[in-house]
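> Predicted model and sequence follow; I will ask about them next.
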Amino acid sequence: MTVKMLRTSKGSPDGAQVETYHEGQVYDLPPSLARVFVTEKWAAAEVKVVVPDTPEIRPPAEPIESKPVDAKTPKRKRGKP
């Protein structure tokens, strides 16, 4: 889990070695340690935003011609043909 430290704190990522995490720095920590830092408000969780690749938008190869709409289009009859 990625967190940004809000204050300098010490913690153990593996339960054996103690490390110092500095205010303003971003760290990728084990979830258990990150939860402690965030719960105690010593760090803020960083959200990774992934933007998917979007296809390139291209103009049409040939111009699209607009056709006038005939206002007197005959109505379709319902029922038997």
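That came in fine, so what should we check first? Numbers count the residues shown, from 1 in each chain.
> Could you use CA atoms for every contact and neighbour count after this?
Noted.
> any idea whether Arg35 is helix, strand or coil?
Here Arg35 is recorded as helix under DSSP: H, G, I helix; E, B strand; the rest coil.
> Contacts only, for the most centrally placed residue in the chain.
The centre of the chain sits closest to Val49, judged by Cα atoms, centre = their mean, with a distance of 3.3 Å. If a contact means Cα atoms under 8 Å, 6 or more residues apart in numbering, then Val49 has no contacts.
> can you offset everything so residue one is 7?
Yep, numbering from 7; the last one is Val55 now.
> For it, which three-state class applies?
Assignment for Val55 (three-state DSSP): coil.
> Across the sheet, point out what pairs with Ser15.
Here Ser15 shows beta-bridge partners Tyr27, assigned using DSSP bridges.
> and if you look at Thr8?
Residues in beta-bridge contact with Thr8 (DSSP bridges): Asp34.
> how many neighbours does it have?
17 (other Cα atoms under 10 Å).
> Wait, it touches Ala51, no?
Yes - in this structure, Thr8 is within contact of Ala51 by Cα atoms under 8 Å, at 6.1 Å.
> before we move on, the earlier item: what about the residue nearest to the centre of the chain, distance to Lys10?
As judged by Cα to Cα, to the nearest Å, Val55 and Lys10 stand 15 Å apart.
> swap in Ala40?
Taken as Cα to Cα, the span from Ala40 to Lys10 is 10 Å.
> if you count what's nearby, which of the two comes out ahead?
More crowded of Ala40 and Lys10, by other Cα under 10 Å: Ala40, with 24 against 21.
> Name the surrounding residues that touch stretch 31-43.
Contact with stretch 31-43 is made by 7-11, 17-19, 27, 49-51, as judged by Cα under 8 Å, 6+ apart.
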